[in-house]
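**Q** pasting a predicted model and its sequence here:
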Amino acid sequence: MKKINLLILSMSFCLVQGNGLSYLGEFNFVNSTWEHHPKFAYRIIGVGAGVLNNSFTLSQYNRFSGTFLDDPAKEEILISIPRTGLWLNAGANLTGLDIFFNNFSFSMFGTGSVSTKIPKDVFDLALYGNALNRQYEVNDLAARTISYWAASLSYNLKIKRKIHLSGAIRYLGGIYLFETLESHGYLLTTPNFLVSEGKATYRLGNGGSGVGLDLILNYDFFSNLQTTLALFNLNSGINWTGNPENGYLNFALDSINWYRVQRGDFFQGNSTVISTTPFRTPLPFYIALGANYRINRILNGSLFLSQSFNESQLTTRAPMLSGIIELRGLRWLPIEVGASLGGKEGFGFGYSLGVIIKKFSGSFAIKDLGGFFLGAKGTTATFTFGYNLYPEIIHGPNALYLRGSPEQ
């Protein structure tokens, strides 16, 4: 029976730990460390996209979108937003060249993501307007947009009969980066005047490069039980050397009244962009530990724990526990169901359906994030198609790949 390591290939099962749903799970057959795997496999195309927020469910979006908001609806919206504010991640990726031959694999992909964090007072102000004698704080407003491509070369080495050591080196090509570094602002209204002041600092990159590494150690306890320790994106980051810039924005709105409006001096603002030295953006570094158990010829299961070591305004170090069950009752119709707990999303539930015709196969997967169906606060969807991706009892790469990631 041909076998591929479901465990590592499925470790990409929605490791959305912030940084936008970034792509890390390329078709990397360095992960295929079972003793018998296909001599040749090729993924022709793979696409994925996702969105996730920490406040609103799909049901709330359907009820409030495009409708008049009465006071109970406004109150529900504000209650849904945590004190720390709303964050939103969205990302997409495209893979067009994934080849595996013997113990080597080569992979290329492109990815982009957008992340933002909006203070709660902004929604209060937008829903109810500015109340007298109240100061609205707009601090820690954050945004980040990043896009890059990558090419990876992997190799799997069998050290002993039960031990495999795999490694991958990844070249990263930065395309574009925008991210805020600092932001502060406030708005105060009294019966006699209105005052507002704010400032923001951001930086831009228009081209760069970097190198990352993956290291994976597998140990086969039995013919149907395997454990794995993996380091993903070790030392990964992009050095932005193409026209790096810093931007500065300041504004002040002081004591608006009719006379000052006539004079035109009620508002002052300036924006400056200057060239700066090259800077580096780290990508998420993960450690994962898990086990894969082939229950019988039609049923396979895996369980793993992952931990991110990057944290910022838009990311989290919260660990994630994930599990996946694969059913192959019909050899031409692989089905997968999985769930995850932790990370940025809190809770996730996903399912994948594949179709195999001769040695060509395709799969489509969806994962709900933060809840079930209408109670979900986000979702991801992926599609992949290729040749020889589904040997016996094991799924093709990224059938439940939902990390996006949406990276950062």
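**A** Arrived safely. Numbers count the residues shown, from 1 in each chain.

**Q** quick one: stretch 225-242 to chain centroid distance?
**A** Put simply, stretch 225-242 sits 14 Å off its chain's centre (CA atoms, centre = their mean, to the nearest Å).

**Q** mind checking the pLDDT average for that stretch?
**A** Per-region confidence: stretch 225-242 scores 88 on mean pLDDT.

**Q** try stretch 109-122
**A** For stretch 109-122, the per-residue pLDDT averages 90.

**Q** now stretch 270-283: buried residues?
**A** Residues of stretch 270-283 classed as buried: T281, P282, L283 (neighbour count, 16 or more other CB atoms under 10 Å). Every residue, glycine included, has its C-beta placed from N, CA and C.

**Q** who's in contact with it?
**A** Contacts of stretch 270-283 with the rest of the structure, by CB atoms under 8 Å, 6 or more residues apart in numbering, involve 19, 22, 146, 172, 174, 177, 179, 203-205, 208, 210, 212, 233, 236-241, 243-251, 310, 407-408.

**Q** circling back to that earlier point, which of the buried residues of stretch 270-283 lies closest to L299?
**A** Each of these was checked against L299 using CB to CB; the closest is L283, at 35.2 Å.

**Q** now do that closest one against I44, distance only.
**A** Per CB to CB, to the nearest Å, L283 is found 26 Å from I44.

**Q** skipping its backbone neighbours, what lies nearest G378 in space?
**A** With sequence-adjacent residues excluded and distances taken as CB to CB, 6 or more residues apart in numbering, G378 is closest to L52, at 3.0 Å.

**Q** for beta bridges, what are the partners of that neighbour?
**A** N89, G378 (DSSP bridges).

**Q** neighbours around it, how many?
**A** Here the count is done by other CB atoms under 10 Å, and L52 has 29 residues near it.

**Q** low-confidence ranges in this protein?
**A** In the prediction, the chain carries residues with pLDDT under 70 at positions 1-38, 254-268, 310-316, 390-408.

**Q** quick check: longest strand of it.
**A** The strand that spans the most residues within the chain, counting by DSSP state E, is strand 163-189.

**Q** in the stretch 1-150 of the chain, what residue spans correspond to strands?
**A** Read by DSSP state E, counting those that start in this stretch, the stretch 1-150 of the chain holds these strands, from start to end of the chain: 40-53, 86-101, 104-118, 134-137, 142-160.

**Q** and the stretch 301-408 of the chain, by the same measure?
**A** Counting by DSSP E, counting those that start in this stretch, the strands of the stretch 301-408 of the chain are 320-327, 335-342, 346-357, 360-369, 378-387.

**Q** closest one to T116 among these?
**A** Each of those has some distance to T116 by CB to CB; the shortest is strand 378-387, at 13.8 Å.

**Q** that closest one packs against which elements?
**A** Contacts of strand 378-387 with other secondary structure elements, assessed using 3 or more CB pairs under 8 Å, 6 or more residues apart in numbering; DSSP states H and E, are made with strand 40-53, strand 86-101, strand 360-369.

**Q** can you pull the buried residues of it?
**A** Burial within strand 378-387, assessed by neighbour count using 16+ other CB under 10 Å, is assigned to G378, T379, T380, T382, T384, F385, G386, Y387.

**Q** show me where the stretch 151-300 of the chain has strands.
**A** Along the stretch 151-300 of the chain, the stretches classed as strands by DSSP E, counting those that start in this stretch are 163-189, 194-205, 208-222, 225-234, 237-240, 245-254, 267-275, 279-282, 286-296, 299-308.

**Q** L321: which of those is closest?
**A** The closest approach between L321 and any of the strands of the stretch 151-300 of the chain, judged by CB to CB, belongs to strand 299-308 at 5.2 Å.

**Q** taking strand 320-327 as reference, get the angle to the closest one.
**A** Orientation note: strand 299-308 sits at an angle of 160 degrees relative to strand 320-327 (axes from the mean of the first three to the mean of the last three CA atoms, to 10 degrees).

**Q** was I right about the residue nearest to G378 contacting K377?
**A** Yes: counting by CB atoms under 8 Å, L52 touches K377, with 6.5 Å between them.

**Q** overlap in contacts, the two.
**A** With CB under 8 Å, 6+ apart, L52 and K377 have common neighbours E345, L369, G370.

**Q** list only buried entries from those residues.
**A** Restricting the shared contacts of L52 and K377 to buried positions leaves E345, L369, G370, with burial counted as 16+ other CB under 10 Å.

**Q** mind putting these in TSV, distance to Q135 included?
**A** As requested, those are arranged in TSV below (distance: CB to CB, whole Å):
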residue	distance to Q135
E345	33
L369	35
G370	32
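
**Q** which among those gets closest to I79?
**A** G370 (16.1 Å).

**Q** once you drop chain neighbours, what's closest to the closest one?
**A** Once its chain neighbours are removed from consideration, G370 has its nearest residue in K377; the separation is 3.3 Å (CB to CB, 6+ apart).

**Q** neighbours of the residue lying closest to S363 once chain neighbours are set aside, how many?
**A** Closest residue to S363 in three dimensions, ignoring its sequence neighbours and counting by CB to CB, 6+ apart: G354, at 3.7 Å. G354 is flanked by 23 other residues according to other CB under 10 Å.

**Q** ok, now the one 3 residues further on?
**A** Around I357 sit 8 other residues, with neighbours defined as other CB under 10 Å.

**Q** ok so, going back, for the helices and strands packed on strand 378-387, which one sits closest to L125?
**A** Each of the helices and strands packed on strand 378-387 has some distance to L125 by CB to CB; the shortest is strand 86-101, at 13.5 Å.
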